[in-house]
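K.L.:
got a structure for you, letters missing:
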Ligand SMILES: O=C(O)CCC(=O)C(=O)O
Ligand SMILES: [Fe+2]
């Protein structure tokens, strides 16, 4: 499993060839044709009033513990998204339940901020970068902090890339630079060990 030396401190896995190109193409087409963004999503409710664009596919509660794999697979409209989860689950997270599935979009000026996805270790976050192209000078990295508050790892939104990490690691989606006219699109799966 490809683990980068820098991210090793925090066990952050970066995968650049997890998916077939056709799988990513299908999801990108689905997003272009069918996903309409809603503004107002917050990474952490009640902590920071700033929000970004979002589409919540399963509309589960943030603390949901029920496996949503069957629900995702059963919806014909979400077939392309379900195929990505199937690959992630089989190859990277066997024995894990799908707890949440949603997507974020960040346009210039609408960046994330440092947060944890789960208070205790054990829950995994999968971030899949869906822009068909990304230039390094567009910025928009996902950054990870250690206990001292230093950035120990940064991941650029390269097309089709996936990063998997423990949800208790402090992280943030950094803003896109002002020369970036695209929306930075990420698809998230939140997963926990099946009981
Ligand atoms: O878009 C990203 O880089 C990270 C998203 C994230 O942290 C989240 O949705 O919890
Ligand atoms: Fe997060």
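P.N.:
Yes, it's here. This one's a predicted model, so the numbers in the text were calculated from it and none came from an experiment. Ligands and ions are numbered 1, 2, ... in the order given.

K.L.:
what's the closest non-adjacent residue to residue 114?
P.N.:
residue 172 (4.3 Å; CB to CB, 6 or more residues apart in numbering). Using the backbone N, CA and C atoms, a C-beta is placed for each residue, glycine as well.

K.L.:
equivalent analysis for residue 133, please.
P.N.:
residue 159 (6.2 Å).

K.L.:
which of the helices or strands spans the residue nearest to residue 134 when sequence neighbours are not counted?
P.N.:
Excluding the flanking residues, the one nearest residue 134 by CB to CB, 6+ apart is residue 157, at 4.8 Å. In the assignment (DSSP states H and E), residue 157 maps to no helix and no strand.

K.L.:
retrieve the pLDDT associated with residue 157.
P.N.:
pLDDT recorded at residue 157 is 98.

K.L.:
surely it touches residue 133?
P.N.:
No - the pair residue 157 / residue 133 is not scored as a contact, 9.9 Å apart, by CB atoms under 8 Å.

K.L.:
how close does the most far-flung residue of the chain relative to its centre sit to residue 172?
P.N.:
Residue farthest from the centre of the chain, counting by CA atoms, centre = their mean, is residue 148 at 23.9 Å. Separation of residue 148 from residue 172 (CB to CB, to the nearest Å): 16 Å.

K.L.:
helix or strand right after the helix or strand of the chain with the lowest mean pLDDT?
P.N.:
Every helix and strand in the chain was compared by mean pLDDT, DSSP states H and E; the lowest is helix 5-8, with a mean of 52. Of the helices and strands lying after helix 5-8 in sequence (DSSP H and E), the nearest is strand 13-15.

K.L.:
which stretches of the chain aren't confidently modelled?
P.N.:
1-9, 43-49 (pLDDT under 70).

K.L.:
distance of the residue nearest to residue 134 relative to residue 174?
P.N.:
Counting by CB to CB, the gap from residue 157 to residue 174 is 10 Å.

K.L.:
need the contact list for residue 39.
P.N.:
Each residue near residue 39 by CB atoms under 8 Å, 6 or more residues apart in numbering is listed here: 51-54.

K.L.:
among these, which ones are in helices?
P.N.:
If you go by DSSP state H, the contacts of residue 39 have nothing in helices.

K.L.:
before we move on, back to that, count the neighbours of the residue nearest to residue 133 for me.
P.N.:
15 (other CB atoms under 10 Å).

K.L.:
OK, contacts around it?
P.N.:
Residues near residue 159 by CB under 8 Å, 6+ apart: 24, 129-134.
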